[in-house]
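Colleague: please work out how this folds:
(chains A and B)
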Amino acid sequence: GDSVTQMEGPVTLSEEAFLTINCTYTATGYPSLFWYVQYPGEGLQLLLKATKADDKGSNKGFEATYRKETTSFHLEKGSVQVSDSAVYFCALSVAGNTPLVFGKGTRLSVIA
Amino acid sequence: SQTIHQWPATLVQPVGSPLSLECTVEGTSNPNLYWYRQAAGRGLQLLFYSVGIGQISSEVPQNLSASRPQDRQFILSSKKLLLSDSGFYLCAGEGQSGNTIYFGEGSWLTVV
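Modeller: Residues are numbered from 1 along each chain as shown, chains lettered A, B, ... in the order given. The predicted model follows:
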């Protein structure tokens, strides 16, 4: 079946450090890939997405590139801020009426 | 743009009592709708999804049920809550514009 594996947290970084959160997937079809962010006590917000190989999704300084050859969609940010502290979820969706499949989430804490 | 509303935001219910969480969608018609649960410190578990009025698919056996009485309304219910039903419940919707899913703000349920 379809699945998403993302790195275990928590991840603790100092402000302005470089961030990478790894995400790999397995899918029976050709998936679209997503990163969602959940700030403390809130629902999930779409952070970025990519729908085909080599696409790069970007938003708020975060980037992720759809790598079909390595089945990966790693999230990166060059300089994190305290306000980036949240839980990040990688997810995929295969075309059709199929729900998103989520990874288990990675908690990021950024300290000043 | 698509907006998901869900309520109540928080509730504390005794074991054995009934539950009703409501979710409505604005900004799209005939959306796919989803209920997810997020237990403390864990990832997202898909509970139910619906592709249309009266059409409900259940992903896991449990004492919860879902109904879709109107196109943009999705209700999560239980006749008798268990302690293990405690968690953060998220409603999500996917509109016709693509395969991006948007989430509501979530409902915190504590069963005591």
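Colleague: B:Phe48 touches B:Asn32, doesn't it?
Modeller: No: with contact defined as C-beta atoms under 8 Å, B:Phe48 does not reach B:Asn32; the gap is 11.2 Å. The C-beta positions use only the backbone N, C-alpha and C, and glycine is treated the same way.
Colleague: give me the more crowded residue out of these two.
Modeller: Neighbours of B:Phe48 and B:Asn32, each counted by other C-beta atoms under 10 Å in any protein chain shown, are more numerous for B:Phe48; the result is 25 against 21.
Colleague: so the more buried one is in which element?
Modeller: Using DSSP states H and E, B:Phe48 sits in strand B:44-52.
Colleague: give the buried residues for that strand.
Modeller: Within strand B:44-52, the residues scored as buried using 16 or more other C-beta atoms under 10 Å in any protein chain shown are B:Leu44, B:Leu46, B:Leu47, B:Phe48, B:Tyr49, B:Ser50, B:Val51.
Colleague: out of those residues, who's near chain A?
Modeller: Applying C-beta under 8 Å from any C-beta of the partner chain to the buried residues of strand B:44-52, one finds that B:Leu44, B:Leu46, B:Tyr49, B:Val51 fall near chain A.
Colleague: show me which residues of chain B are close to chain A?
Modeller: Residues of chain B lying near chain A (C-beta under 8 Å from any C-beta): B:4, B:32, B:34, B:42-44, B:46, B:49, B:51, B:59, B:90, B:92, B:99-106.
Colleague: contact partners for the closest residue to A:Gly29 other than its chain neighbours?
Modeller: Excluding the flanking residues, the one nearest A:Gly29 by C-beta to C-beta, 6 or more residues apart in numbering or on different chains is A:Val94, at 4.1 Å. By C-beta atoms under 8 Å, 6 or more residues apart in numbering or on different chains, the contact set of A:Val94 is A:Asp2, A:Ala27, A:Thr28, A:Gly29, A:Tyr30, A:Pro31, A:Ser32.
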